[in-house]
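**Q** After the sequence you'll find the predicted model.
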Amino acid sequence: MPTAKIHLHASRYDSDRLARLGEAIQGALEAVLKVPPEDYYRIFQVLPEGHFVHTPSFVGMQYSDDLILLELTFIAGRSKEVRLALLQELNTRVVAATGISPDDLVILLYELPGENISFGRGLAQRAHISAGA
């Protein structure tokens with residue numbers, strides 16, 4: 001159920017580049033989190049000039065107009081090592097797929113307990129999955 005919210009500058013990403021970006025994100029989720037290929041939710045926030053304002057640099061990173069802010073939300077329960085591996089795999093695959101600098105991918109991971117998610121019908125289909133399981 002990972003949900004990817006992908007924020008980026010409109011002038012830098014056409015539909016082909018967006019498709020490659022989405023496929024790279026899904027590939028990393030499948031490889032590291034073992035997410036099935038049919039499990040994806042992507043929201044592209046393609047923002048016009050002046051609507052995605054960010055610092056030009058932070059903690060030694062240098063950002064360009066290719067910057068992508070990726071917010072991933074998924075069910076809690078994975079180890080710190082798995083989450084760190086996911087960050088690395090996402091960067092490797094997105095950089096290869098889009099040609100951006102490795103600095104230009106900012107990733108935020110959000111974890112929710114399974115009982116906080118419904119895939120429809122008001123049911124918590126993954127309520128049995130929790131951080132303590």
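**A** Yep, that arrived.
**Q** and residue 39, what does it touch?
**A** 1-2 (C-beta atoms under 8 Å, 6 or more residues apart in numbering). All C-beta atoms are positioned from the backbone trio N, CA, C, and that covers glycine.
**Q** List the beta-bridge partners for residue 74.
**A** Per DSSP bridges, residues listed as beta-bridge partners of residue 74: residue 111.
**Q** same deal with residue 45?
**A** So, taking DSSP bridges as the rule, residue 45 has residue 7 as bridge partners.
**Q** And the pLDDT at it?
**A** We have a pLDDT of 97 for residue 45.
**Q** Go ahead and confirm residue 44 touches residue 6.
**A** Yes - taking C-beta atoms under 8 Å as the definition, residue 44 is a contact partner of residue 6 at 5.1 Å.
**Q** More neighbours: those two, which one.
**A** Using other C-beta atoms under 10 Å, the more surrounded residue of residue 44 and residue 6 is residue 6, with 20 against 16.
**Q** OK, contacts around that one?
**A** Contacts of residue 6 (C-beta under 8 Å, 6+ apart): 21-22, 25, 42-45, 68-71.
**Q** now with 6 Å?
**A** 44, 70 (C-beta atoms under 6 Å, 6 or more residues apart in numbering).
**Q** Let me know the pLDDT of it.
**A** 98.
**Q** ditto for residue 16
**A** Value listed for residue 16 in the pLDDT field: 97.
**Q** Phi and psi next, for it.
**A** phi -70, psi -40 (degrees, to the nearest 10).
**Q** if I look at it, how far off is residue 9?
**A** Per C-beta to C-beta, to the nearest Å, residue 16 is found 16 Å from residue 9.
**Q** out of the two, which sits in the more crowded spot?
**A** residue 9 (18 against 8).
**Q** My guess is the more buried one contacts residue 65. True?
**A** Yes - here residue 9 reaches residue 65: they are 5.0 Å apart, a contact under C-beta atoms under 6 Å.
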